[in-house]
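Student: Below is the sequence, then the predicted model.
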Amino acid sequence: MNITAIILAGVVVGATGIVIAVLLGIASEKFKVPVDEKAVAIREALPGNNCGGCGYAGCDGLAAAIAAGEAPVNGCPVGGAAAADKISEIMGVDAGDSVKMVAFVKCSGTCEKAKDKYVYTGIEDCVEAVSVPGGGAKACTYGCTGFGSCVKQCDFDAIHVVNGIAVVDKEKCVACGKCAAICPKGLIEMVPYSAQHLVQCNSHDKGKDVKAVCQSGCIGCQLCKKQCEFEAVTVDNFLAHIDGTKCTNCGKCAEKCPVKVIS
């Protein structure tokens, strides 16, 4: 055994390792991606649902946007006020007023109240159902198909189909917006949690046409608008709408509604 050769080989291997380590160290410094400490801290303050309700591609995207000043500190609908307070401390700004929002389904056409044009047999998916002639089996082309595409999208078990229409559990809803995004008829909107009076209809047909297909549809009579002293009720294209930010929950509009479509 040649001791000199063994020592020489060890020296060569050791020297090679040192050179490689030095080169890796230099490369890591040269190509190091800067880390925004604020973005990291904000990401830890977010709930991590990655629901996309904030408008960004997950919590990482929102954290980066907030750190860059491109999104508000209360931009996470899931984290709510608690997350906003933590993030405002990190950013050194005031969180501002954060209004809790929830999803609301603008349809009250249950199985007993809404008529069907035919018996639908096929894939039980709202997006697929509205692609068939007439936009689905329901006689009201604006109404909820009741196949629950919104239910499948909800990660919080906050929406279910009850008696033919989707119904939101306000206590579980975090206003991520996934249900609203998937609804092919645009029936779901985000409203203030505190809103007690909302128009549970989305039909823009004239009164007589609404009555022909549903017992609980808005007929555009404008009686609710005339009753409101706070300009919270508007009627556009035969459909009433209540602005939750203006409504004082006095209930006069609901009392006057002849079809009792204001929930």
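Tutor: Ah, there it is. Since the model is a prediction, treat every value here as computed from it, not as a measurement. Numbering: from 1, shown residues only.
Student: Downstream of the longest helix along the chain, the next helix or strand is which one?
Tutor: Longest helix in the chain, counting residues (DSSP state H): helix 3-30. Next in sequence after helix 3-30, counting helices and strands by DSSP states H and E, comes helix 37-45.
Student: Identify all contacting residues around that next one.
Tutor: Applying CB atoms under 8 Å, 6 or more residues apart in numbering, the contact partners of helix 37-45 are 59-60, 62-64, 66-68, 79, 83, 86-87, 90-91. Using the backbone N, CA and C atoms, a C-beta is placed for each residue, glycine as well.
Student: So which of these belong to helices?
Tutor: Short answer: those in helices (DSSP H) are 59-60, 62-64, 66-67, 83, 86-87, 90-91.
Student: what residues go with each domain of the chain?
Tutor: The record's domain parsing of the chain by automatic domain parsing lists 37-91, 99-193, 195-263.
Student: Any chance of a markdown table for those, columns mean pLDDT, distance to Ile6 and mean neighbour count?
Tutor: Formatted as a markdown table, the domains of the chain follow (pLDDT from 0 to 100; distance: least, CB to CB, whole Å; neighbours: other CB atoms under 10 Å):
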| stretch | mean pLDDT | distance to Ile6 | mean neighbour count |
| --- | --- | --- | --- |
| domain 37-91 | 85 | 48 | 18 |
| domain 99-193 | 90 | 62 | 18 |
| domain 195-263 | 93 | 82 | 18 |
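Student: Tabulate those domains (JSON lines), appending distance to Ala21.
Tutor: Output for those, formatted as JSON lines (distance: least, CB to CB, whole Å):
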{"stretch": "domain 37-91", "distance to Ala21": "27"}
{"stretch": "domain 99-193", "distance to Ala21": "46"}
{"stretch": "domain 195-263", "distance to Ala21": "62"}
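Student: Out of the ones you listed, which gets nearest to Val13?
Tutor: Smallest distance to Val13 across the domains of the chain (CB to CB): 38.7 Å, for domain 37-91.
Student: who's in contact with Lys152?
Tutor: Lys152 makes contacts with Ile182, as judged by CB under 8 Å, 6+ apart.
Student: Work out for me the element it sits within.
Tutor: Per DSSP H and E, Lys152 falls inside helix 149-153.
Student: which residues in this protein form helices?
Tutor: With DSSP H, the ranges of helices along the chain come out as 3-30, 37-45, 58-67, 80-91, 126-129, 149-153, 178-182, 207-213, 223-227, 252-256.
Student: And the ones you listed: which comes nearest Val167?
Tutor: helix 149-153 (9.9 Å).
Student: So what's the gap between that closest one and the chain middle?
Tutor: Taking the mean of its C-alpha atoms, helix 149-153 sits 12 Å from the chain's own mean (CA atoms, centre = their mean, to the nearest Å).
Student: what's the distance between Ala45 and Ala57?
Tutor: Plainly put, Ala45 is 18 Å away from Ala57 if you go by CB to CB, to the nearest Å.
Student: make that Gln215, sorry
Tutor: Gln215 is 43 Å from Ala57, where distance means CB to CB.
Student: Now do the contacts for the closest residue to Lys106 other than its chain neighbours.
Tutor: Leaving aside its chain neighbours, Lys106 sits nearest to Asn202 (4.2 Å; criterion: CB to CB, 6 or more residues apart in numbering). Counting by CB under 8 Å, 6+ apart, Asn202 makes contact with 106-107, 142-143, 185-187, 239.
Student: How about Asn49?
Tutor: 59, 78, 155, 174, 176.
Student: hmm, try it at 6 Å
Tutor: Counting by CB atoms under 6 Å, 6 or more residues apart in numbering, Asn49 makes contact with Val78.
Student: What of the one 4 residues further on?
Tutor: When contacts are counted by CB under 6 Å, 6+ apart, Gly53 touches 77, 176-177.
Student: any chance of these in TSV, with distance to Val102 too?
Tutor: Converted to TSV, these look like this (distance: CB to CB, whole Å):
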residue	distance to Val102
Pro77	10
Cys176	11
Gly177	11
